[in-house]
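Student: Need coordinates for the below:
(chains A and B)
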Amino acid sequence: MTAETVQNLEALASQAQTMMSVFIKAGYDAVAPPIIQPADVFLDVIGESLRARTYVFTDQDGAELCLRPDITVPTCRLHLERHADPMTPARYCYNGPAFRFQPQGVTAAHPREFRQAGIERFGDKSREVAEAETVAIIIKAIEKTGFKDWTMRLGDLGLFSSLLDAAGLSPNWKKRLDDAFLRPLSFREALKGYAAGVRPASSSIPEEVLSSLSRDDMEASEAAVAVYLEEEAIELIGTRSLTDITTHLVDIAEDRQEKPLDAGAIELIERYINVSGPAITAGEKISALIKEGPNGSGYALETYDRRLALLANAGIDLDRVTFSAEFGRTLAYYTGLVFEVNAAELGTKSPIAGGGRYDRLMRAAGSSEDIPAVGAAIHSERLLAVCGGKTP
Amino acid sequence: MSKLTLAIPSKGRLMEQTTDMFARAGLVVRKVGHVRGYRGEIEGLPGVDVAYVSSGEIAEALKSGSVHLGITGEDLIRENISDAATRIRFLHKLGFGFADVVVAVPTCWIDVSTVAELEEIAIPFRRKHGRWPRVATKYINLTRRFFGSKGYGDYRIIESAGATEGAPSAGMAELIVDITTTGETLRANGLKILDDGVILKSQANLFATNAAAWTPDLEALCAELTGKLSASIPEKAISR
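Tutor: The predicted structure is shown next:
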């Protein structure tokens, strides 16, 4: 809910000033990217699922625009405008409104218009240092406004990848599982399917075509597909070419040849997904899992432990931090660390802050390569509420 | 006593089928005043006011509560009312206006027959064309919810007001979400339905809206009307 009273507005403004001063003092450059943004970037980055949460509109010239649903993507665009080389290290902070459609209805904790105060940093060489500093500054800003009783939830989308390495899976399997992991709704089903083979038997692709294809002779493969279409009197329409279709068919044919996913690997993955609890003991559980794998290397765990140590050094009380292997899978664009700061009275559905690593986002915003990026934002109205203010 | 307002389709097949259904239930619906007017009444049910409204606008009228009851397709209710489950009461299926809302892709995509396979081609497609595959549809919300439930988000919606089936061959979109009854129009446009691509099996329903003002008298009248209609609709007509 937007500030409805002058007192509320003033309380939010003063709270924002407190947080911004923490960010600026830490060396973050204050920016104010436009509220109205081109819809394309958001829709291309996050996909259509975002449209469900974003106010998208068409202006008089027919341009598709949106009210920014967060300030992270606008800050990425601003960074790209400022720096010809997006690898140029930079730190930004901001405070301002963001807008989201609330499909479950508008409530005090889920307003359609709210303020975010946050930071984003790009181009950092040392990953864990940047992550720990981001978390620590967000906590510092929150505590500075008077709220001390927070808890934190961590996730790490990169750990799953490391687990797959440890399990000794082939690159193809690894890619498939990495992709599947980010789709929690279908993941368990996919895993079940993989136990039987890569591709469910129900696939209704013509067998006679599949068996005649080979990556070594794409020309002949394409010709075979063309003959099939001709025989079946299927006209080639639309924007996908015969080459596109044939290439995908070859992938499918190769998938068919592949052995089912090893039962041991499936069990390892299932046990990993169920890891959840205090951050310190979760690390031990994951360490045990990784060591079981044939290629059990300590690298991923070093990252995990190093990050926790850096957090502890920065003054974060690790007893208040939990880790969940599943956490972060549904959050749009994160690629590594994810975190959320919670207040008991608002519950885990309404975190007061959240953020993480999102190395691939800059590319979607126009960069030609991935750029190391970490950021987080505080939900101002929620924070004010737990500080004893008026909203929500 | 205030009247129970019932919105029925103002033109086309749906209007004819609605009138026929009332006739089978022994209820005569007729226009009041000018034959081109948009108000009507039901003989023998003086408490009911009939409003002739285009079927798309019936969903809007139910959403806002400007009518109590409405007859229209389930597809339009699900598409236009995001909180239909709580706002709208599904009183009775009516056994006509059958239409499936489906995901259809070019038949020449012999490599794609499920949403999972559609998902597989999205990233290579984007690499080559610089954008996600486009879905032409007027069912934006149904499309989003359906793909969302499958965990698929790598597409762009292109709003299409009409002749959606022609969008892929015209190069305006890669695939479509649209209604079909027999699949004939899809086939004629070189399209096929994905194996798991049926989003909704829709038919005309009698809907009531919780957004309107209800009194016990109006509820009773609504029950009487629903009872008369449902008695005239054989069970097998509404199940497919």
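Student: Just give me the neighbour total for B:Arg24.
Tutor: The burial count assigned to B:Arg24 is 13, neighbours taken as other Cβ atoms under 10 Å in any protein chain shown. All C-beta atoms are positioned from the backbone trio N, CA, C, and that covers glycine.
Student: and it, what does it touch?
Tutor: B:Arg24 makes contact with B:Ser232, according to Cβ atoms under 8 Å, 6 or more residues apart in numbering or on different chains.
Student: and if we set it to 10 Å?
Tutor: If a contact means Cβ atoms under 10 Å, 6 or more residues apart in numbering or on different chains, then B:Arg24 has B:Leu229, B:Ala231, B:Ser232, B:Ile233, B:Pro234 as its contacts.
Student: same deal with B:Ile8?
Tutor: B:Ile8 makes contact with B:14-15, B:18-19, B:21-22, B:29, B:40, B:50-53, B:55, B:58, B:67, B:69-72, B:204, B:206, according to Cβ under 10 Å, 6+ apart.
Student: From chain A, how far off is it?
Tutor: For B:Ile8, the distance to chain A equals 30 Å [Cβ to the nearest Cβ, to the nearest Å].
Student: partners of whichever strand or helix holds that residue, with directions?
Tutor: Assigned by DSSP states H and E, B:Ile8 belongs to strand B:4-9. Its sheet considered, strand B:4-9 pairs with strand B:45-53 (parallel), strand B:69-73 (parallel) by DSSP bridges.
Student: what's the next secondary structure element after the last one?
Tutor: Along the chain past strand B:69-73, the next helix or strand (assigned with DSSP H and E) turns out to be helix B:74-80.
Student: how long is stretch B:54-71 end to end?
Tutor: 10 Å (Cα to Cα, to the nearest Å).
Student: for the chain, which residue is closest to the average position?
Tutor: In the absence of a named chain, chain A is used. In chain A, the centroid-proximal residue (Cα atoms, centre = their mean) is A:Tyr334; its distance is 2.1 Å.
Student: actually chain B
Tutor: What sits nearest the mean C-alpha location of chain B, by Cα atoms, centre = their mean, is B:Asp75, with 2.4 Å.
Student: so A:Ala190, which of the three states?
Tutor: Using DSSP: H, G, I helix; E, B strand; the rest coil, the structure places A:Ala190 in helix.
Student: Kindly state the pLDDT recorded for the nearest residue to it once chain neighbours are set aside?
Tutor: Using Cβ to Cβ, 6 or more residues apart in numbering or on different chains and skipping the chain neighbours, the partner closest in space to A:Ala190 is A:Ala180 (4.4 Å). What the model reports for A:Ala180 is a pLDDT of 77.
Student: A:Ala180 looks like it's in a strand, true?
Tutor: No: read with three-state DSSP, A:Ala180 is helix and lies in no strand.
Student: Report the closest residue of the stretch 251-392 of chain A relative to chain B.
Tutor: A:Ile252 (6.3 Å; Cβ to the nearest Cβ).
Student: State the number of residues packed around that residue.
Tutor: A count of nearby residues for A:Ile252, using other Cβ under 10 Å, gives 20.
Student: One more: the one 4 residues further on?
Tutor: Residues within reach of A:Arg256, counting by other Cβ under 10 Å, total 16.
Student: so where's chain B uncertain?
Tutor: Flagging of chain B using pLDDT under 70 yields the residue ranges B:1, B:35, B:240.
Student: now chain A
Tutor: Scanning chain A for pLDDT under 70 picks out the ranges A:1-4, A:45-47, A:49-50, A:184-186, A:198-204, A:294-300, A:329-332, A:389-392.
Student: what domains does the record give for it?
Tutor: A:6-149+A:344-386, A:207-257 (automatic domain parsing).
Student: where does A:Arg306 sit relative to A:Phe327, distance-wise?
Tutor: To A:Phe327, A:Arg306 is 19 Å away according to Cβ to Cβ, to the nearest Å.
Student: Same drill for these two, tell me which one is more crowded.
Tutor: Taking other Cβ under 10 Å, A:Arg306 and A:Phe327 do not tie; A:Phe327 has more neighbours (20 against 16).
Student: Does that one belong to a helix, a strand or coil?
Tutor: Per three-state DSSP, A:Phe327 ends up coil.
Student: For it, which non-adjacent residue is spatially closest?
Tutor: Among residues not flanking A:Phe327 along the chain, A:Gly155 sits closest, at 3.3 Å (Cβ to Cβ, 6+ apart).
Student: helices or strands up against the helix or strand hosting the one you found?
Tutor: Here A:Gly155 sits within strand A:150-156, counting by DSSP H and E. Using 3 or more Cβ pairs under 10 Å, 6 or more residues apart in numbering or on different chains; DSSP states H and E as the contact test, the elements touching strand A:150-156 are helix A:127-144, helix A:279-292, helix A:299-313, strand A:321-324, strand A:337-343, strand A:353-357.
Student: For the second one, buried residues please.
Tutor: Counting neighbours by 16 or more other Cβ atoms under 10 Å in any protein chain shown, one finds that the buried residues in helix A:279-292 are A:Ala279, A:Ala282, A:Gly283, A:Lys285, A:Ile286, A:Leu289, A:Ile290.
Student: Need those residues in JSON lines (columns: distance to A:Met20).
Tutor: Shown next, in JSON lines, are those (distance: Cβ to Cβ, whole Å):
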{"residue": "A:Ala279", "distance to A:Met20": "29"}
{"residue": "A:Ala282", "distance to A:Met20": "34"}
{"residue": "A:Gly283", "distance to A:Met20": "34"}
{"residue": "A:Lys285", "distance to A:Met20": "39"}
{"residue": "A:Ile286", "distance to A:Met20": "37"}
{"residue": "A:Leu289", "distance to A:Met20": "42"}
{"residue": "A:Ile290", "distance to A:Met20": "41"}
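Student: does the longest strand anywhere in chain B come close to chain A?
Tutor: Identified as the longest strand of chain B according to DSSP state E is strand B:191-202. Yes: residues of strand B:191-202 contacting chain A under Cβ under 10 Å from any Cβ of the partner chain: B:Leu191, B:Lys192, B:Leu194, B:Asp195, B:Asp196.
Student: Using the three-state scheme, assign the closest residue to the third one other than its chain neighbours.
Tutor: Spatial nearest neighbour of B:Leu194, excluding adjacent residues (Cβ to Cβ, 6+ apart): B:Val103 at 4.8 Å. Assigned state for B:Val103: strand (three-state reduction, three-state DSSP).
Student: can you pull out the strands in the chain?
Tutor: Assuming you mean chain A. For chain A, the strands defined by DSSP E occupy A:29-30, A:36-38, A:56-58, A:64-67, A:90-99, A:113-122, A:150-156, A:276-278, A:321-324, A:337-343, A:353-357, A:373-379.
Student: please go with chain B instead
Tutor: With strands called from DSSP E, chain B shows them at B:4-9, B:29-31, B:39-42, B:45-53, B:69-73, B:88-93, B:99-106, B:134-137, B:156-159, B:175-180, B:191-202, B:204-209.
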